[in-house]
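**Q** got a structure for you, letters missing:
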């Protein structure tokens, strides 16, 4: 399955379900966010084994070897990819043993297997083809530029060499080649930092130009230069050909296969999340949701030598005090699911533009992704009930969170411990009432997801039982049955029809009648709440939460039903009965070609730089970076336009990307200068220092955090590769066939780490390249002889001398790369994290603005015909989904980025990691609640009577129109939230202090204000209206958004400070002090 590091990992791993999520253990993820290992709750087809079966299976303890094998995650899919990855370089080394091949490539034969490794043949087909095209274009341009540079160097030699001179070295030629090398490295690395899709092509280009220009000063004529370039070009193209053959014909993996595997994983994770959701809701029937969970007596039995106990202790530090094991398990499942959603979003574009022989086309893949998103959003919403209970406990003072500023409560919320017990008992009873209907619907939805997976061939078919009762199958159809959609629809309608009974049971439990509920009076503005009024408010909060849960569960069911109908439709129209040729279409191919290298493509392609940090680069939109020029008005005349064009040159040269290119060029020339000086040129050639320059090209990273880690990792990896090379050479008594086989075997083993830990891809890449370099060179010398091998000026070294030299080259190159990352000033991982966080807050502001427009359009019925692409509703939907996809991709990667700060040298105070984590958490919360508001208000525009059996469309519209008029009157959704998020984004990005006295939006408190305008608008008569439930979701989510925003502003203040213009008068000294400039707290200063 594709991952975001351009490496094809374990094909079976993504669709496994989390282990023991019912016991509260979160899903365990590997470096790429995939769920690792088959848990004890896995059946033979990857299906969840019910609790009783699991207990039986736990009795039969697996052997130690089997357990260890499971932890490694070494299944058939991984082994096949390891084999595929190890094949291309070994083919490159093996074919060199043929005389004709050795004669063709001569002393550059070892370059073929190295380039074959760097081509990464295990990438999915579409990604590989794109990278191959860019690689070929890159080295073709590189060969042309190198020839031009060599020619200009030869001309410089001609014009500066005295007549009759036979000197080998010419300073003018060396200077020209050095200038060409510097300019090339600067420019391509500028492109590399600007367009992440060009990462591998830039590495190829850098290798090509490094070799060409360091040998350039040795050529007396252009013919010698042409011979080298021709040999280099042939070597590179041969390596690409071998890698392409392996990619396309040996265990071929298409990008569509990757998407299908991720969809399979999505289905399994949805089922696991729903089961975790059920387990959590059932735990609320007896547990105290407002207090810390006390460890059970049996916890000691599960500690497994104390390891789990330590893990739980660690977990407790990061989780809220009111969270229980089931809620943490639910959050862990959901975090894995949202991470997979972000990955699927990134891989979809490659899957859709691929030619294939299959069943589902690009439109079908798009539709499935849209349907998955419709299921994900209400699932996220249902999980937020844990967050809601935590906040209620905190605000009402039932849980004391250390150093919390957010336990301020409104007067109606204030109540003692006696009220807490009463509230707990009420919720226990509510959950017991909801138990049966929720369990029935969840079980039906679980089967529905399985049904859709079976029909779309994403889930393996279960074995058929020998005897099946036909009548029973018709009454209670199983997944795969033609009538299953009808069965789920009936189950959902039964659930929806009984909603009123649940609410009446709640009212009876509260001891209030409908008339009593509607007659509660509200205090006038400025007056205090009386006990009755406060109780009414708390009761209303309970009512909204019940409606919130029921509406979201029903919405999840409707979304699952839509997925089932889509799957049924694909079976009925014959799509799933036959395979056919699928072509992406001209428009899609044109769009792909036009978009290569653009920022948005960064969603799909990751760089070695970002591979080390686990981050993704996302295009923020045209409004993010451009700023109005305060020193120039927009150009009007042709001359002014020309002047503006001229001003782009210094802007371009002064950009951060140009600065990075300059650093890489300086680092390259730090080693490369040795090749261009008379006294050291021979030393450079003999000691093969060009490989130190190539290591700089591969490993130079944008930030010092990655560079420190990369430096240590590459040196350690190369040291291991050096030892293994000597082992490979001598373990088979230096016999060539044995050496090749052993080299394949060790590369095969190393590919496991390459695949399983893609975040450390550059480290493993350098280690494998070093190993091939050492063995390949020694086999090359054995084939062509020492005399020919030394003809290029490089003396022969036996392997025990060559291997340490290679280690020294890599260590030297890595050290130079590290120095130039922190000099003249460090580009720290921390500053990048801060900027990325600012970008995320900008996207969040954009997202809020679009959600606000969506809710307004739905309330006033101005979305237009949603079947038309040009309608306002469709355009809003497209923008909404695009930004949500980017946020789901960015937010998890920020967390990974924060992990790398620990590798940076801390000079001064500690890095405020907790504050960053808190900002990321609040941003994620706001995104979830906004998505939910958009999703829930969709109920206002759906007119399908079948979905809402207790109401008529005209009655719904009538009630909604009344609500819309009132909402317009009080204007609750202010644009203040958009402004504040934009302000926070700018402040975090620039590291500047926040302005004083930020006016935070008041909580919407729609209920109180609406009731003050129209007493009957929110009474119990409307409870069964779908719009009322959607309103309840809107009310709950809007209060959570404002609460999260308050916390977010405080966290950002902690990070960047707040400008303070206050003054204090000192009576004793009769003086006035400005706290803004003289207080020692550092308040308002840049962090």
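**A** Structure's in. What do you need? The structure displayed is predicted, hence computed values, not measured ones.

**Q** Give me the phi and psi angles of residue 356.
**A** phi -160, psi 170 (degrees, to the nearest 10).

**Q** any idea how far residue 367 is from the nearest residue to it once chain neighbours are set aside?
**A** Spatially, and ignoring its direct neighbours in sequence, residue 356 is nearest to residue 582 (4.8 Å; Cβ to Cβ, 6 or more residues apart in numbering). Using the backbone N, CA and C atoms, a C-beta is placed for each residue, glycine as well. Residue 582 is 15 Å from residue 367, where distance means Cβ to Cβ, to the nearest Å.

**Q** go on, residue 888?
**A** In terms of Cβ to Cβ, residue 888 sits 19 Å off from residue 367.

**Q** Between these two, point out the one with more neighbours.
**A** Legend: neighbour count by other Cβ atoms under 10 Å for residue 888 and residue 367, higher for residue 888 (23 against 17).

**Q** Can you list phi and psi of the nearest residue to residue 1057 once chain neighbours are set aside for me?
**A** Leaving out its chain neighbours, the residue that sits closest to residue 1057 by Cβ to Cβ, 6+ apart is residue 993, at 4.3 Å. For residue 993, the backbone dihedrals (degrees, to the nearest 10) come out as phi -70, psi 150.

**Q** One more: residue 271?
**A** According to degrees, to the nearest 10, residue 271 has phi -60, psi -40.

**Q** Kindly report the same for the one 5 residues further on.
**A** For residue 276, the backbone dihedrals are phi -60, psi -40 (criterion: degrees, to the nearest 10).

**Q** how far away is it from residue 447?
**A** On the measure of Cβ to Cβ, residue 276 and residue 447 end up 17 Å apart.

**Q** Neighbour count for the two, which is higher?
**A** residue 276 (26 against 22).

**Q** these two touch, right, that one and residue 330?
**A** Yes. With contact defined as Cβ atoms under 8 Å, residue 276 and residue 330 form a contacting pair (4.4 Å).

**Q** And what about residue 342, helix, strand or coil?
**A** When classified by DSSP: H, G, I helix; E, B strand; the rest coil, residue 342 comes out as helix.

**Q** burial of it, as a residue count?
**A** Neighbour tally, residue 342, other Cβ under 10 Å: 23.

**Q** Go ahead and confirm it touches residue 888.
**A** Yes. With contact defined as Cβ under 8 Å, residue 342 reaches residue 888; the gap is 4.0 Å.

**Q** before we move on, back to that, residue contacts, the residue nearest to residue 356?
**A** Applying Cβ atoms under 8 Å, 6 or more residues apart in numbering to residue 582 gives the contacts 355-358, 361-362.

**Q** give me that answer again for 6 Å
**A** Residues in contact with residue 582 (Cβ atoms under 6 Å, 6 or more residues apart in numbering) are 356, 358, 361.

**Q** tell me the centre residue of this structure?
**A** residue 889 (3.7 Å; Cα atoms, centre = their mean).

**Q** What helix or strand is it located in?
**A** helix 872-899 (DSSP states H and E).

**Q** what's the model's confidence in that helix, averaged?
**A** The pLDDT scores in helix 872-899 average 82.

**Q** and what of stretch 252-259?
**A** pLDDT averaged over stretch 252-259 gives 90.

**Q** What are the buried residues along that stretch?
**A** Using 16 or more other Cβ atoms under 10 Å as the test for burial, stretch 252-259 gives 253-259.

**Q** Distance from it to the middle of the chain?
**A** In terms of Cα atoms, centre = their mean, to the nearest Å, the centre of stretch 252-259 is set 19 Å apart from its chain centre.

**Q** per-residue confidence at the residue in the chain sticking out farthest from the centre?
**A** Distance from the centre of the chain peaks at residue 164, with 64.8 Å (Cα atoms, centre = their mean). Residue 164 is assigned a pLDDT of 78 by the prediction.

**Q** ok, now the one 3 residues further on?
**A** Per-residue confidence for residue 167 comes out at a pLDDT of 83.

**Q** same question, residue 618
**A** Model confidence at residue 618 (pLDDT) stands at 51.

**Q** cool, residue 77 as well?
**A** 85.

**Q** now do residue 38
**A** 36.

**Q** Repeat that for residue 838.
**A** 90.

**Q** quick one: the nearest residue to it once chain neighbours are set aside from residue 831, how far?
**A** Spatial nearest neighbour of residue 838, excluding adjacent residues (Cβ to Cβ, 6+ apart): residue 989 at 3.0 Å. In this view, residue 989 and residue 831 are 10 Å apart by Cβ to Cβ.

**Q** what does residue 1039 give?
**A** Taken as Cβ to Cβ, the span from residue 1039 to residue 831 is 35 Å.

**Q** So which of these two has more stuff around it?
**A** residue 1039 (20 against 14).

**Q** Who are the packing partners of the helix or strand where the more buried one lies?
**A** When elements are assigned from DSSP H and E, residue 1039 belongs to helix 1026-1056. Judged by 3 or more Cβ pairs under 6 Å, 6 or more residues apart in numbering; DSSP states H and E, helix 1026-1056 is in contact with helix 531-572, helix 913-936, helix 953-970.

**Q** Identify whichever of those lies nearest to residue 697.
**A** Closest approach to residue 697 among the helices and strands packed on helix 1026-1056 (Cβ to Cβ): helix 913-936, 31.7 Å.

**Q** any idea of the angle that closest one forms with helix 872-899?
**A** Interaxial angle, helix 913-936 versus helix 872-899 (axes from the mean of the first three to the mean of the last three Cα atoms, to 10 degrees): 160 degrees.

**Q** show me where the stretch 201-350 of the chain has strands.
**A** Taking DSSP state E, counting those that start in this stretch as the criterion, the stretch 201-350 of the chain contains no strands.

**Q** quick revisit: the residue nearest to the centre of the chain and residue 433, how far apart?
**A** 40 Å.

**Q** And residue 115, by the same measure?
**A** 67 Å.

**Q** same thing with residue 688?
**A** The spacing between residue 688 and residue 433, counted by Cβ to Cβ, is 77 Å.

**Q** Please enumerate the strands of the protein.
**A** 356-358, 580-582, 1063-1066, 1071-1074 (DSSP state E).

**Q** Select from the ones you listed the stretch with the lowest mean pLDDT.
**A** Lowest mean pLDDT within the strands of the chain: strand 1071-1074, at a mean of 48.

**Q** Compute the number of surrounding residues for residue 593.
**A** Look at residue 593: counted by other Cβ under 10 Å, it has 11 neighbours.

**Q** what's the answer for residue 163, then?
**A** Neighbour tally, residue 163, other Cβ under 10 Å: 4.

**Q** residues contacting residue 459?
**A** residue 453.

**Q** Could you do residue 117 as well?
**A** 89, 768-769.

**Q** try it again with 8 Å
**A** So residue 117 contacts 88-89, 765, 768-769, 772 (Cβ under 8 Å, 6+ apart).

**Q** How much space separates it from residue 239?
**A** Taking Cβ to Cβ, one finds residue 117 at 9 Å from residue 239.

**Q** Check the contact lists of the two and give me the overlap.
**A** residue 88.

**Q** Would you check that my belief about residue 738 contacting residue 732 is correct?
**A** Yes. Counting by Cβ under 8 Å, residue 738 does reach residue 732; the two are 2.9 Å apart.

**Q** the domain parsing of the protein - what is it?
**A** 75-254+661-822, 255-294+323-353+356-462+479-519+531-582, 829-1056 (the TED database).
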